[in-house]
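S.K.: pasting a predicted model and its sequence here:
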Amino acid sequence: MTEYSPNGDGRAILEIKNLKKHFRVGRRASLKAVDGISLEIKEGETLGLVGESGCGKTTVGRVLVRLYEPSDGEVLFGGQDVHRTRGDDAKLLNRKMQMIFQDPQASLNPRMVVSDIVAEGIDIHNLAESKKERLDRVHELLETVGLSKEHANRFPHEFSGGQRQRIGVARALAVEPEFIVADEPVSALDVSIQAQVINLMKTLQREHDLTYLFISHDLSVVKYISDRVGVMYLGQLVELADSDELYANPLHPYTRALLSAVPVPDPDYESERERTVIAGDLPSPVNPPSGCRFRTRCPQAVEAAAHVDPPWREAKPGHWIQACPCFA
Amino acid sequence: MAAAVNGENILLVKDLQISFGTYAGEVKAVRGITFDLRRGETLAIVGESGSGKSVTAKSLMRLLPEANTILKGGEAIFEGEDLLKLSEKRMKDIRGSKIAMVFQDPMTSLDPTMRIGRQITESLKEHLGLSGQRARERAVELLTLVGIPTPKDRIKQYPHQFSGGMRQRVVIAIALACDPQILIADEPSTALDVTIQAQILELLRELQEQLGMSVILITHDLGVVAHTAHRVAVMYAGKIVETGTLREIFYNPQMPYTWGLLASIPLPTADRSQDLIPIPGSPPDMSDPPKGCPFTARCPYAMRVCPTEFPEYTTFSAEHKAACWLHHPMAPNVEPPVRVRGTR
Amino acid sequence: METRRSELTPDLFEQIEAGSQDNERIVGPPIGFWRDSWNRLKKNRGALVGLVVIVVVIAVAYVGPLLSPYTPYGQDLARRFVDPSSQFWFGTDEFGRDMWSRVWIGTRVSLYIGFLAAFLDLVVGVVYGALSGLFGGRVDDVMQRGIEILNGVPYLVVAILAMLILSPGIITITIAIGLTSWTYMARIVRSRMLQLKEQEFALASRSLGANRARLLTKHLIPNSLGPMVVNLMFTIPLAIFSEAFLSFIGLGIQPPDTSLGALINEGYKELRFHSYLLWFPTAVFSLLMLSFNLLADGLRDALDPKMRK
C-alpha cells in the first residue's frame, strides 16, 4: 500500500505516505479514522476527496494542516516532513498550507470584526508594516472574494452563509498560501450560493496558482471542481482517478454504489437509470472489517475478501484502485 | 414512475400567511401561498433557506411555537376542516393518525429514553385504540415494512442502538403506524449519507405506491425531487413562484429563479467545462421582505415593474403556473440559459 | 394593493441592472456583541430594575451615613431602642446607635465581600479554569483533581477553621471565601475552553499559526465572557449570603464592625419588641439579593448567543 501515482504533469507539491490517524476511545479500542492513505497532490491541481461520514476525509485534511499529529506515516510538503518541522520552518508552513472550513457559523469568531478575522494571519506573521498597510490588504482581500470595503468593520453574524464562507477564504488567502485544504466548503450553503463560492475558488486558483485538496461528500460538486478524485471508505482510499474517468468508468464496487446513489436533477435520467442500492450500514471505524473493508456491504463480495488486504493497484494508467479479490 | 397527477384533492391550502414575532420585529416567513395535494401523489416543495417551506410544513401540523407565531391569514382544508383553526384537542386526533410528519434529524426525532417498540405502540394505542398485544404485533409489522431486519428483537432496543439510516426508518414506521393519508417529510434524507439517502428515498417511494398515501416532500435538493416527486412547487422568500409537474419544472421552467437553480447545480453527468452559473447575492431578509417580486434583486432579467408588485400567475398548462413579469404581454422575449433549455 | 392593468406602461418592462453589489450590502450600523446584548438586556424589565436598585443601594451605602448627623458607632444609652422616627430614620439599637448609619455601613461590608468574591473568581477562577481547559490532557486532570479536593471540604468547615486559627473578622472571611468560591467559575471557564477549543474558528486560528497565548486572549476568553459575567453576577449575592449566614451564626463579622448578616442576627434577637431592628437590614439584604439575581438572569438571557437570530 505504499506505491503512489507517478509524476504525470507537474511535480508533486504534497506527498502523503501511508498516513494513519487513530483516536483512542475508551481503554483498549481505537477509532481508526485514517488507516493507511498514500497519494500525491500535484502542483496546481485540485484533488477531490469524497466519501461518506466516518470515512476519514476530514481527518486527513486536518492532519495535513497539522491540527492533528499522525499516528503513523508521513506528510511531505515540498520534500519537508511537515510534522517534524519546528520553529520558523513550522511557521512558514502555516503560511504555505491553509484551510477553509465547513461551517459558516462556527468558522468565524463571533466576537471579532471582519477585518481582524481576515488579518489574523497577517498579524501572526507580521506581514504588514503599518496599520494602513494592514487595512489596505484587508480591503484588497475582501474585494478579491467579492465583498466590499464596507464589510471590514462588521461582525460575522451580520453576514449570510455564503458571505461568511468568502470571509473564510479571504482569511486563508491573507497569508499567501500555496496549498489549501477546503473541508466541505460549500456543504452548509444553499444550492444557489454554492456555485458562487465554487466559482470563486476556481478563479482564485487560476489567479494565485493554488493547489487544492477539496474534501466533500457531494459527488456532483467534487466532479465539477476537481482534476482528480479519490474515494475513501472507512479510513482508506478505494479508488483514485481523473475526475472524468472516475465518473465515467468507476471500477470499485463502492464507487459504483456511491455514484449510483446520487440523485441527479434530471427526471428522465432518474427514472431510466439503473441503481445499485447497497444494503446495510457503515461498519464502525473502531472495528473495521478484516481484509477488504467494503465486503460487508459489497454486492460482489467473496469469501476471500475477509482474509486478504486488497493491494493498491494501478488498474489503468492514472486510475488506481484497492484491488479487491472479488473483481480484480 | 407513474404520473399520479389526476387524483382528487385531499388538501387545499389557500393564501397561507405566517409571521413570527421576534425581538427584532415581525418576520414574514410565509406570505400568501396556495397549493393543493392530490391523493396518491408526492408534491415536492422546493426552496432554499428563508423560503418558508419548513414553516409551511410545520404550520399544517400546527407544530409552530405558539408564543410567537402569528397566523395572518389563509386556510388549509383537509376533510372539510380547516387545519389552521382546529382546536388543539382535534389536532391531536389528526396528528400522527391522519397526517404524519417525518423530520430531518433522526437523532433528535426519537425519544432517547424510550424503547423503539413503545414509541410506535404509543401512537397505535392512542389513535387506534389497539390492545397491547395487537399493538406490538403491528409494531413488528411496521418495522418489517420499513426494512428493519429482526424486528422482534429490535422493538426492545433504544434509539442509540440504531444507526442514522435505521433511525430514520423507525421514524418513518412511527409516522406510518396509523396509516395516514398525508405524510409530510421535511428534508427526510438530508442528514444522511448518500448511500443511506438512496435507501430511504427508495423506501418512501415504495411505501407510497403500496399504501397510496400522499406525500408532501420538503427539500432543497433538486436531485431528490427528480427522483421522487410527481409535482413540484418552488418557493422563494415566502411565496410560491412556480408550480408544475415534475417534467414541466425540470424541462420547461418558466421563472428565472427556477432557471437559476437548475443552472447552478453541477451535474455528475455533465461536462466539466460547462460553467456553473450561480445566482448572485443572497436570499432576502424576511423581517423586511422586498416589495413586488422577491427575486428581483438577484434576477438577471429584472425589469422596472418587478419591484413594484408581485406578478400574477401565468398558466401554461393544467398544472403549470409561474409568477413572473416576463410573461406579461408587454415584456420582452427572453431565453433561459443554455443549461436549462430542456435537456434530453 | 393592486396596480390596475391599465397602469402598466411599456417602459416598466425595460430591463434594469440588478446590481449585485447591492445584494451584498448590509444595512444599519455594525452591531457588536456587547451592543446587541445591551439592547436585549434593556428590554428585560426585571434586569433593569435589578440594575437600578443595585446602583441605588451602592450609592446610598456610601452616601447614606453622611446624611445622618449620627455615627454608626456612637453609643448613647439614653436613647436605646428608639423606634424609627424623623430623628432616627431606622431607629436605634440596644446601644443607642443610629440604625440608619449602621445598616448602610453594614451594607458596605456586605458589598465589599460580594465584590471581593467576584474579584477572586475573576483572578483565580478564570485563570485556573482557562489554563486547565486550554492545556487539557494530563494538566487538566491534575488541576481538576485539585479542585475536587478543594470542593470536598465544606465551606463552613473552612470558615470555622479560619476563625479558630486567625481571629474572626473581615480578613478571615475574605480568606475563607477566597479559598472556596472561585472553583465554580474555574469549572465554567474550563468547560467553555474545552468546548471552544474544537470550534472551527479556533482551529482556523491554530492553522494560521497562532500560539496558545493568542488563542486564549483573542478567541477563547472573549467568547467566554458571557458565562463569566453571568457567573460573577451570581457569585456576588452568593458570597453576601454566605457571609450573612456566618454572621448569623456568630462566626462572621465581630462587633463593633457590622455587616447585613450581623445586623440581621442582632435584629432577630430583638424580634419580639423591636422588630424594626430586623426589618430594615433584612429589607436591604433581600433587595440586594433579588436585584443581583434578576440582573444575573437578565444577563444570562441577553448574552446567550443562541437567543440571537
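M.R.: On my side now, so go ahead.
S.K.: how about the residues of the stretch 151-300 of chain C near chain A?
M.R.: C:199-201, C:203-210, C:214, C:218-219, C:222-223 (C-beta under 8 Å from any C-beta of the partner chain). Every residue, glycine included, has its C-beta placed from N, CA and C.
S.K.: then residue B:34 would be within a strand, right?
M.R.: Yes. Remark: residue B:34 belongs to a strand, assigned using DSSP: H, G, I helix; E, B strand; the rest coil.
S.K.: and the pLDDT at it?
M.R.: We have a pLDDT of 95 for residue B:34.
S.K.: mind listing what the residue in chain A positioned nearest to chain C touches?
M.R.: Chain A approaches chain C most closely through residue A:94 (3.4 Å), counting by C-beta to the nearest C-beta. The contact partners of residue A:94, by C-beta atoms under 8 Å, 6 or more residues apart in numbering or on different chains, come to A:66, A:121, A:124-125, A:175, C:207-209.
S.K.: residue C:116 is in what secondary structure piece?
M.R.: When elements are assigned from DSSP states H and E, residue C:116 belongs to helix C:99-120.
S.K.: any idea of the mean pLDDT in that helix?
M.R.: Per-region confidence: helix C:99-120 scores 88 on mean pLDDT.
S.K.: next one: stretch B:301-308
M.R.: pLDDT averaged over stretch B:301-308 gives 89.
S.K.: packing partners of the helix or strand residue C:235 falls within?
M.R.: Assessed by DSSP H and E, residue C:235 sits inside helix C:225-248. Helix C:225-248 sits against helix C:99-120, helix C:155-165, helix C:170-180, helix C:182-197, helix C:260-269, helix C:276-303, with contacts defined as 3 or more C-beta pairs under 8 Å, 6 or more residues apart in numbering or on different chains; DSSP states H and E.
S.K.: what does the stretch 151-300 of chain A put close to chain C?
M.R.: Within the stretch 151-300 of chain A, the positions near chain C by C-beta under 8 Å from any C-beta are A:151, A:153-155, A:157-159, A:163, A:168, A:171, A:175.
S.K.: just the buried subset of the residues you listed, written out for PyMOL, thanks.
M.R.: The PyMOL command for the buried members of these (criterion: 16 or more other C-beta atoms under 10 Å in any protein chain shown) is given here:
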select buried, chain A and resi 151+154+155+157+159+163+168+171+175
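S.K.: turn the residues of the stretch 151-300 of chain A next to chain C into CSV, including pLDDT.
M.R.: Output for those, formatted as CSV (pLDDT from 0 to 100):
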residue, pLDDT
A:151, 90
A:153, 88
A:154, 90
A:155, 89
A:157, 86
A:158, 85
A:159, 89
A:163, 92
A:168, 95
A:171, 95
A:175, 94
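S.K.: and the residues of the stretch 151-300 of chain A next to chain C, which of them are in helices?
M.R.: A:163, A:168, A:171 (DSSP state H).
S.K.: who's in contact with the residue in the stretch 151-300 of chain C positioned nearest to chain B?
M.R.: Residue nearest to chain B within the stretch 151-300 of chain C (C-beta to the nearest C-beta): residue C:298, separated by 13.3 Å. By C-beta under 8 Å, 6+ apart, the residues touching residue C:298 are C:41, C:44, C:46-48, C:50.
S.K.: residue ranges in chain A under the pLDDT threshold?
M.R.: A:1-9, A:327-328 (pLDDT under 70).
S.K.: okay, now residue 120: neighbour count?
M.R.: Answering for chain A, as no chain was given. Using other C-beta atoms under 10 Å in any protein chain shown, residue A:120 has 24 other residues around it.
S.K.: you looked at the wrong chain, it should be chain C
M.R.: With other C-beta under 10 Å as criterion, residue C:120 counts 20.
S.K.: so it touches residue C:178, yeah?
M.R.: Yes. Here residue C:120 reaches residue C:178: they are 4.9 Å apart, a contact under C-beta atoms under 8 Å.
S.K.: quick check: mean pLDDT of the helix holding residue C:235?
M.R.: 85.
S.K.: so how many other residues sit close to residue C:268?
M.R.: Residue C:268: 14 neighbours (other C-beta under 10 Å).
S.K.: hang on, I meant residue B:117
M.R.: 20.
S.K.: in whichever strand or helix holds it, which residues are buried?
M.R.: Taking DSSP H and E as the definition, one finds residue B:117 inside helix B:116-123. For helix B:116-123, a neighbour-count test (16+ other C-beta under 10 Å) marks B:116-117, B:119-123 as buried.
S.K.: with stretch C:44-58 instead?
M.R.: Applying 16+ other C-beta under 10 Å to stretch C:44-58 flags C:44, C:47, C:50-51, C:53-54, C:57 as buried.
S.K.: just name the closest of these to residue B:49, please.
M.R.: Taking C-beta to C-beta as the measure, residue B:49 sits nearest to residue C:44 out of those, at 29.3 Å.
S.K.: next, that closest one: phi, psi?
M.R.: Backbone torsions for residue C:44, taken as degrees, to the nearest 10, come to phi -90, psi 100.
S.K.: give the closest residue to it in space, chain neighbours not counted.
M.R.: residue C:298 (4.1 Å; C-beta to C-beta, 6 or more residues apart in numbering or on different chains).
S.K.: now do residue C:245
M.R.: In space, residue C:245 is closest to residue C:261, 6.6 Å off (C-beta to C-beta, 6+ apart).
S.K.: pretty sure the one you found contacts residue C:250?
M.R.: No. If you go by C-beta under 8 Å, residue C:261 and residue C:250 don't touch, sitting 10.1 Å apart.
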